[in-house]
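1. model this:
(one chain, ligands or ions: 1)
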Amino acid sequence: MKVVIVGGVAGGATAAARLRRLDEQAEIIILERSGYISYANCGLPYYIGGEITERENLTLQTPESFYRRFRIDVRVRQEVIEIDPKNKSVTVYKLEDGTQYQEYYDKLILSPGAKPVIPDTPGVESNRIFTLRTVEDTFEIDSYIKQHQPKTATIIGGGFIGLEMAENLKNKGIDVTLLQRSGQVMPPLDLDMAAIVHNYMRANGIHLKLNAPVESYKETSNGIQVNLKNQMSFETDLVILAVGVVPENGLAKKAGLELGVKGAICTNTNMQTSESDIYAVGDAVEVTHFVSGKKAVISLAGPANKQGRIAADHICGIPSEFKGSQGSSVLKLFDMTIASTGLNAKEAGRLGMDFDYAIINAASHATYYPGAASITLKVLFETKTGRILGGQIVGFGGVDKRIDVLATAIRAKMTAYDLTELDLAYAPPYSSAKDPLNMIGYVMENLLTDKVKQIHWQEIDSIPKDAVVLDARTDMEYRRGHLDSVMHIPVDEIRDRMEELPKDKKIYVYCQSGLRSYIACRILKQNGFECYNISGGYGFYENLRYGSIPDPEGTGPCGLKR
Ligand code: FAD
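-> From the prediction side, this is the model:
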C-alpha cells in the first residue's frame, strides 16, 4: 500500500508515524511545502520572545530522523498543487528548482492546516507587516527584530496568537499595542471573563484598544502608520497580523471534494472525505462540536493529532472514529492562565439553548498555605438536566488542571450534580478539601434545586425600581465602593436586622464574590423573603464596569483578603 500525505506537521506527521507502527510494509511519503516537518507551531511565539533559544528545539523531527525511525520518505519544500482523484495522483511542485512531477497513491491524507487571514486592508502588503504560521515566518520576524531593533510593535487581533505575541514582544522590551476590532479579546471567552484579561493586559503595560478596526496602513520612513476607523492614527515599527485563520482548502476545492463551514473539508467520522480514498485531518477539516452537535471549525493541535491517528487507523482497517471537538484550550499571558472548554454563553445563546451559568472566585489552593492564587470560574449548565455545557477559567494558579477536569466532565456528559461528587486530590499546597470545581458544582446544584435564585450582572440595570438591593459585605468593603441606591446590612447582622427589610418586595443581594450573598439569600428565603443572588458579586461587576486590576494573590473566602 502506498500512502501520500500532504503536510508534515501536527496531523500529517502523526498519521505517518501511526501508519508505520501499524504497517511495516506500507510505502509512506510526506510532501511538505515548508522547509521543516513536525515543527512546534505552538512554540513559535516563544522563540521570538526568547523563551525558547535553540532553533533546533522548534522542530521535533527532521526528514532524516523521521526516515531513521520510521522509514518514511519526507520531501520538504515540495508543494502539492493538484489532486487527480480519478487517477489517484497528485502533482508536486518542487520549490528548489521549479520542476513538477506526479506521485500516485492508494490512499491520500490531506493535512494542509489553516492559513492566516489577511484582510483586504490598503497597505497590508507592507514588508513591515508579518503573520506567524511557520518556522520560516518565525525566523523572518526574529531577524527583522534583530536588524531593526523596533521600539514599538502593534498586534492586530486578540486571539491566541495575538496575545502570545503581545506577551513575547513585551518581554523583549518592545512597547506593544494590541488592536481588536470587536469589544473583547479571546473569542472563546464571554465578555465578562474577557474583561478580566483586558484589565490584566493593561496592568502589564499592553496598550489594548478595543473596537478599533484598522482602515489602512502606510509605510513611513521609519516604520508604518496605522490608520484606525474614527480614531487617531499612530506610527509603529512593526505590525503582527493575527486576525484568525481559515482552512487551507485550495487543493480540496480544486479536486471537487465536499466543503462545509468556512470552506473546511467535510469528512465522515473516519476522516474520509467525499472521495473515500482521500482522508483529511487537522485545521483544514470541519468537525462536529461535541457539545452542540453542530458543524464547526476548531483549529487546535489536539484534534489535529487525534484525527491523524484515526485516519491512519482506518487506512489499516481499524475502525477508529473522531467523535467531535469541544475546543478545549489554554493560554499563558504573563502570570495569568486563560482557559476554556465547550460552549460559552454567547454560543449557547445563539443556539437557543436552555442554559444558565455559575460564576465563582476561588483560591487555587488552601489560603492558609503560602502562594494561593486567585481564579475565576464560569461554568455553563443545561437548566433542565444540569448537564455541563462549557467552562471558562481565568486566573493565576491551577487553572490548567481545573479546565482539564471540566473538559473530561463534559466528555463524560456529566452534570453539575456529578461535579459536586468528583473525588479530586487534595493537600493544602494544591487545592482545598472542596476544590473550586466541587464548589461551583454546589452553586449549580443550589440553582438547579431552587435553593437560591440568581441574576447576572447584565440584568442589574433591569432590577425593578421598587425592589431592594442589599449589600451584604462588611462596612469596610461597602465604603470602598458599592452599587447605587442599596441597603447595607453585613451578612452576619441580617438575622438581627431583618425587620428593616420589606417582606413584600423582592430582595437582590450581592457580596464580593457571591458566597456571602448566597448565605444571606438562604437566611432570607427561610424567613419568607423572595430573594435573588447577584452572581459573581461586586468583584466581578467592578472588574467589568470599572476595569479593576486583577489581584493575582489568593483571596480568602468570598473575595476577602486574608
Ligand atoms: P499544520 O500543523 O499547520 O501543518 C500543515 C502543514 O501543511 C504546513 O506545514 C504547510 O506548510 C503544509 N502544507 C499546506 N499546504 C500544502 C501543500 N499544498 N503541499 C505541501 N504542504 C502543504 N494549537 C493548540 O492547540 N495550542 C497552542 O498553543 C497553539 N499555538 C499555536 C501557535 C501558533 C503560532 C500557530 C501558528 C498555531 C498554534 N496552534 C495551537 C494551532 C496548531 O498548531 C494547529 O491546530 C495544528 O498545527 C494543525 O495541524 P495541521 O496538521 O492541520 O496543520
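2. nearest spatial neighbour of E51, skipping sequence neighbours?
-> Leaving aside its sequence neighbours, E51 sits nearest to N168 (CB to CB, 6 or more residues apart in numbering; 7.1 Å). Glycine gets a C-beta too; all of them are placed from N, C-alpha and C.
3. repeat for S34
-> Among residues not flanking S34 along the chain, T134 sits closest, at 4.8 Å (CB to CB, 6+ apart).
4. assign the residue nearest to E51 to helix, strand or coil.
-> What DSSP: H, G, I helix; E, B strand; the rest coil gives for N168 is helix.
5. looking at it, it is touching P45, isn't it?
-> Yes. With contact defined as CB atoms under 8 Å, N168 counts as touching P45 (4.8 Å).
6. those two: who's more crowded?
-> Between N168 and P45, counted using other CB atoms under 10 Å, the more crowded position is P45 (25 against 22).
7. per-residue confidence for that one?
-> Note on P45: pLDDT of 96.
8. now D356, which residues is it bridged with?
-> F381 (DSSP bridges).
9. pretty sure it contacts T383?
-> Yes. In this structure, D356 is within contact of T383 by CB under 8 Å, at 5.3 Å.
10. between the two, which has more neighbouring residues?
-> Set D356 next to T383 and count neighbours by other CB under 10 Å: D356 wins out with 19 against 13.
11. separation between the more buried one and G390?
-> Relative to G390, D356 is positioned 12 Å away (CB to CB, to the nearest Å).
12. also A373?
-> Separation of A373 from G390 (CB to CB): 23 Å.
13. these two - which one has more neighbours?
-> Neighbour totals were compared for A373 and G390, and G390 leads with 28 against 21 (other CB under 10 Å).
14. pretty sure the more buried one sits in a strand.
-> Yes. Counting by three-state DSSP, G390 is found in a strand.
15. which ones are touching K262?
-> 246-247, 286, 297 (CB atoms under 8 Å, 6 or more residues apart in numbering).
16. let me fix that, I meant to ask about Y442.
-> By CB under 8 Å, 6+ apart, the residues touching Y442 are 420, 434.
17. try 6 Å this time
-> T420 (CB atoms under 6 Å, 6 or more residues apart in numbering).
18. got phi/psi on it?
-> Torsion angles at Y442 (phi, psi; degrees, to the nearest 10) stand at phi -60, psi -40.
19. can you tell me how far it sits from V405?
-> Taken as CB to CB, the span from Y442 to V405 is 15 Å.
20. what residues does the stretch 151-300 of the chain put near the ligand?
-> In this structure, the stretch 151-300 of the chain approaches the ligand at residues 160-161, 248, 251, 282-284, 299-300, judged by CB under 6 Å from any ligand atom.
21. residue nearest the centroid of this protein?
-> By CA atoms, centre = their mean, the mean C-alpha position of the chain lies nearest to S329, the distance being 4.4 Å.
22. show the pLDDT at that one.
-> For S329, the model assigns a pLDDT of 98.
23. which residues does it form beta bridges with?
-> Applying DSSP bridges, one finds that S329 bridges with S340.
24. how much space separates it from K115?
-> S329 sits 20 Å away from K115, going by CB to CB.
25. fine, thanks again, bye for now.
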